[in-house]
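**Q** Show me how the following folds:
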Amino acid sequence: MVTATVRRVGNSLVVTLPKDEAERVGVAEGDLVSVEVRRLEVRPVLPDDVAGALREELARPDTREALRLLADR
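**A** Next comes the predicted model:
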């Protein structure tokens, strides 16, 4: 699967196909292709060590209290 950003060219919206992907599937300029379009939601993923450190920090009572004070502002 290829992900790409939609951009405007004139009055149209376009998505480009990276050269390496075009070569991989064997398509060239002028070929007719099928494209499935759907909105993609991208979310960051924390590495396990960072997620573990964050869980430990959030478990500390003084951290929870500090976050409560910040949330109330």
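
**Q** which ones are touching Ala4?
**A** Residues counted as contacts of Ala4 (CB atoms under 8 Å, 6 or more residues apart in numbering) are Val15, Thr16, Leu17, Pro18. All C-beta spots, glycine's among them, are computed from the backbone N, C-alpha and C.

**Q** Would you report the backbone torsion angles of it?
**A** Recorded main-chain torsions at Ala4 are phi -150, psi 160, according to degrees, to the nearest 10.

**Q** now the strands for the protein?
**A** Along the chain, counting by DSSP state E, strands occupy 7-9, 12-14.

**Q** The last one packs against which elements?
**A** The contact analysis (3 or more CB pairs under 8 Å, 6 or more residues apart in numbering; DSSP states H and E) places strand 12-14 against strand 7-9.

**Q** Give me the residues contacting the strand it packs on.
**A** By CB under 8 Å, 6+ apart, the residues outside strand 7-9 that reach it are Leu13, Val14, Val15.
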